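# model the following, please.
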Amino acid sequence: MRILLVEDNRDLGEAVEGRLKREGHSVDWVRDGEAALSFAVGDNFDAVILDLMLPGRDGISVISELRRSGRDVPILVVTARSEIDDKVSLLDMGADDYLVKPFDLRELQARLRALMRRPAGQTTSMLVVGDLTMDLAGHTVQLAGRAVELGRREFRLLEILLSRAGQVVSKDRLMAQLFSIDEEVAVNALELYVSRLRRKIEGASVEIITVRGIGYLARHVEPDLCNDGQVGHAG
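Take a look at the predicted model:
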């Protein structure tokens, strides 16, 4: 996922950012409400982790402004407030879920996975396409029952493509989801990850197709129809 983290506490921010990046997510961390709005309105994120008590503009104001602007990005609020009225108000206002500080980072990750399953209609952390099975919680991949070892970005790339199987995912979107804004990487870095991933899932009933000038798509095919992933397109 590409995640916007809005947290002014340096220790907590570093802990959350580090944990999510180790899991292969792309994280952009800002520390005040105005920056949060600027980033969230001006770019595409898969989720926002939002502290309520922020300098300049508080989290409640950020939620209200994002929803008024038509942004439907999932928002996970983290707050020290434990009164039930605050929680109900947050959900009514447009937040999708909340965590009360202090919280376990594993629970944060589980809440994020649950938020991302909703739009796709998924009910579990298992993602199955053809003979490929991904356990998003356990961070494992199996091909016809055999374990496939993937690096963290290879894993996230496969997750993005399989979760949108049959749909073209643009190179720009993939770059944004795999790499943070502060990482200076060229498009050929994405092509390298795609090439590695293709080799590691070779023989699967899922192929990754290059759509020239646009991006990539994953699709399930019958084994005897599988090819090298270059159906009428290259590069």
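
# how far is the one helix or strand L99 maps to from where the chain is centred?
Under the criterion of DSSP states H and E, L99 resides in strand 97-100. Strand 97-100 sits 18 Å away from the centroid of its parent chain (Cα atoms, centre = their mean, to the nearest Å).

# neighbouring strands - and their directions - for it?
Neighbouring strands of strand 97-100 in its sheet, by DSSP bridges, are strand 75-79 (parallel).

# for the protein, which helix is longest?
If you go by DSSP state H, the chain has its longest helix at helix 105-120.

# what average pLDDT does it get?
The pLDDT scores in helix 105-120 average 78.

# and the next helix or strand past it?
The helix or strand immediately downstream of helix 105-120 is strand 126-129, counting by DSSP H and E.

# pull up the pairing partners for that next one, direction included.
Counting by DSSP bridges, the strands paired with strand 126-129 are strand 132-135 (antiparallel).

# now find how far off-centre the following helix or strand past the partner strand is within its chain.
Scanning forward in sequence from strand 132-135 by DSSP H and E, the next helix or strand is strand 140-143. Distance of strand 140-143 from the chain centroid (Cα atoms, centre = their mean) equals 19 Å.

# quick one: the helices in this protein, in order.
If DSSP H is used as the criterion, the helices of the chain fall at 10-22, 33-42, 59-68, 84-93, 105-120, 152-163, 171-178, 187-200.

# verify the stated contact: G130 with E207.
No: if you go by Cβ atoms under 8 Å, G130 and E207 don't touch, sitting 9.2 Å apart. Placement of C-beta: from N, CA and C, glycine included.

# so which of the helices of the chain gets nearest H139?
Proximity to H139 (Cβ to Cβ) singles out helix 152-163 among these, at 6.5 Å.

# can you pull out the low-pLDDT segments for this protein?
81-87, 117-125, 137, 180-184, 223-235 (pLDDT under 70).

# repeat that with 80
Scanning the chain for pLDDT under 80 picks out 1, 24, 42-44, 80-92, 116-126, 136-138, 176-187, 222-235.

# okay, now the domains of this protein?
As assigned by automatic domain parsing, the chain contains the domains 2-120, 126-225.

# just send those domains back as CSV, with mean neighbour count too.
Below are the domains of the chain laid out as CSV (neighbours: other Cβ atoms under 10 Å):
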stretch, mean neighbour count
domain 2-120, 17
domain 126-225, 16
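
# a markdown table for the helices of the chain, including distance to L4?
Output for the helices of the chain, formatted as a markdown table (distance: least, Cβ to Cβ, whole Å):
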| stretch | distance to L4 |
| --- | --- |
| helix 10-22 | 11 |
| helix 33-42 | 6 |
| helix 59-68 | 10 |
| helix 84-93 | 17 |
| helix 105-120 | 12 |
| helix 152-163 | 16 |
| helix 171-178 | 11 |
| helix 187-200 | 21 |
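
# so which of those helices is nearest V211?
helix 171-178 (9.4 Å).

# ok, residues contacting that closest one?
Contacts with helix 171-178, where a contact means Cβ atoms under 8 Å, 6 or more residues apart in numbering, come from 1-2, 26, 43-44, 46, 153, 156-157, 160, 185, 187, 190, 193, 214-216.

# just stretch 32-39 next, same as before
Residues contacting stretch 32-39 (Cβ under 8 Å, 6+ apart): 4, 6, 8, 28, 30, 45, 48, 50, 54-59, 61-62, 65-66.

# what's the answer for stretch 130-143, then?
With Cβ under 8 Å, 6+ apart, stretch 130-143 has contacts from 23, 110, 113, 125-128, 144, 147-148, 150, 155, 158-159, 162, 201, 203-206, 220-221.
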